[in-house]
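Asks: quick check, what structure comes out for this input:
(one chain, ligands or ions: 2)
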Amino acid sequence: MENEKNKITRRKVIGNLAFGAAALAATPVLGASKSGLSSFSLAKGLEDPTGLYPKPPFKEQKQPWPGLVSKMDPRPDHGEASYKGSGRLAGRKALITGGDSGMGRAAAIAYAREGADVAINYLPAEESDAREVIELIKKEGRKAIAIPGDLREEEFCKKLVAQAVKGMGGLDILVNNAGRQQTRESILDISSEDFDATMKTNIYAPFWITKAALPHLKPGSAIISTTSVQATDPSAELFDYAQTKSANTSYVRSLAKQLASKGIRVNGVAPGPIWTALQVSGGATMEKLKNFGGDTPFGRPGQPAELASIYVQLAAADASYATGQIYGAAGGGGQP
Ligand code: NAD
Ligand code: MG
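Replies: Numbering: from 1, shown residues only. Ligands and ions are numbered 1, 2, ... in the order given. Reported below is the predicted structural model:
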């Protein structure tokens, strides 16, 4: 039994908490122990974060955009086998763009295990990755809504929100996470079509989706944007992408002020180098990919699973005073 297996002392709980007081305040819906404390995923014990996951050098690999998790080597960890929920998002209804892979998949798995229904959007070419996520959500007994389509189209963005609302019977968590990143050595190599695709995906789509979603969001709802350390420390070869991530950060800081009086919180997550499909499908040069994450103080890239709890925390009701904030996870490098 989960209870028996994971009995933990209060001291151990506190010692292992990522979000100290906030997580202790979380409702211990599942597996409440005799001490009255939840016995969920806290008892992992001390683990050295530097040695948790693969380090460079990585094998050369290249996929056509947008890339598939199933073809990556090594396969990223999205928490499929490890994330344990504790009812922190019980009964919530979340829409996650780019929910098939990377940070979006990690958030989708975590949200479902925390008790939320989840709708995911992705490109049609990613159907096989998306199916894996849909099955994992269903396994938790939650509603799983798959809505493929291209976010560069305003009409689709409107339809996406309508379908998510219809499928789940409402919406109270919106995660604008989908993104396009294509590395280009020079500004002269960026065509107008290229530039436009990055702007449409990373800036216009969250704008269109948020406008469509807002009428459905009640007080207590949360909006989360995946921004990047690129917003504040842009790479030379990510000229267009870095600008969109600055825009995502400003989206968070402006919208949080605008929606505060409506009781809707808006926050962002700023990852550093994370091992995802985006990086192996044109997001990074081969040289950068082979040494991916090697220049961070941890000496390795992050895995999507390592950010899942941040997406949960920002959506959870007990983060009630946090809005307009950007939360970083970058292995010691960068600033949010
Ligand atoms: P990912 O490739 O797993 O996810 C990106 C997703 O965006 C894709 O799965 C795809 O479904 C979606 N997408 C792209 N273009 C789309 C379009 N036109 N229509 C619909 N969906 C589209 O990669 P990821 O790294 O998990 O990316 C998620 C977010 O994280 C992005 O916003 C990215 O900018 C951000 N980010 C990533 C890193 C990193 O190192 N991986 C670092 C900082 C920020
Ligand atoms: Mg994908």
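
Asks: Q335 and G45, how far apart?
Replies: Applying CB to CB, to the nearest Å, the value for Q335 to G45 is 30 Å. Yep, even glycine has a C-beta here, placed from its N, CA and C like the rest.

Asks: what's the top helix by length along the chain in contact with?
Replies: In the chain, taking DSSP state H as the definition, the longest helix is helix 239-259. Contacts made with helix 239-259 from outside it, assessed by CB atoms under 8 Å, 6 or more residues apart in numbering, are listed as 176, 179-182, 184, 187, 190, 194-195, 198-199, 202-203, 206-207, 210, 223, 225-228, 230-232, 234-235, 265-268, 270, 323-326.

Asks: related to what we said a few turns ago, who's more crowded, Q335 and G45?
Replies: Q335 (12 against 9; other CB atoms under 10 Å).

Asks: the more buried one belongs to a helix?
Replies: No. Counting by DSSP: H, G, I helix; E, B strand; the rest coil, Q335 falls outside a helix, being coil.

Asks: which non-adjacent residue is nearest it?
Replies: T232 (5.1 Å; CB to CB, 6 or more residues apart in numbering).

Asks: tell me who's in contact with the one you found.
Replies: 246, 249, 270, 334-336.

Asks: now swap in S228 and tell me
Replies: S228 neighbours (CB under 8 Å, 6+ apart): 242, 245, 248, 270-271.

Asks: of those, closest to ligand 2?
Replies: Lowest distance from ligand 2 to these (CB to the ion) belongs to P271, with 14.9 Å.

Asks: ok, G333 to A178 distance?
Replies: 24 Å.

Asks: between those two, which is the more surrounded one?
Replies: Just comparing G333 and A178: by other CB under 10 Å the higher neighbour count belongs to A178, 25 against 15.

Asks: wait, isn't that one in contact with N121?
Replies: Yes. Counting by CB atoms under 8 Å, A178 does reach N121; the two are 6.8 Å apart.

Asks: shared neighbours of those two, which are they?
Replies: 97-98, 151.

Asks: quick check on these: which are buried?
Replies: 97-98, 151 (16 or more other CB atoms under 10 Å).

Asks: one step back: of the contacts of T232, which is the most crowded?
Replies: Neighbour max across these (other CB under 10 Å) = A270, 27 neighbours.
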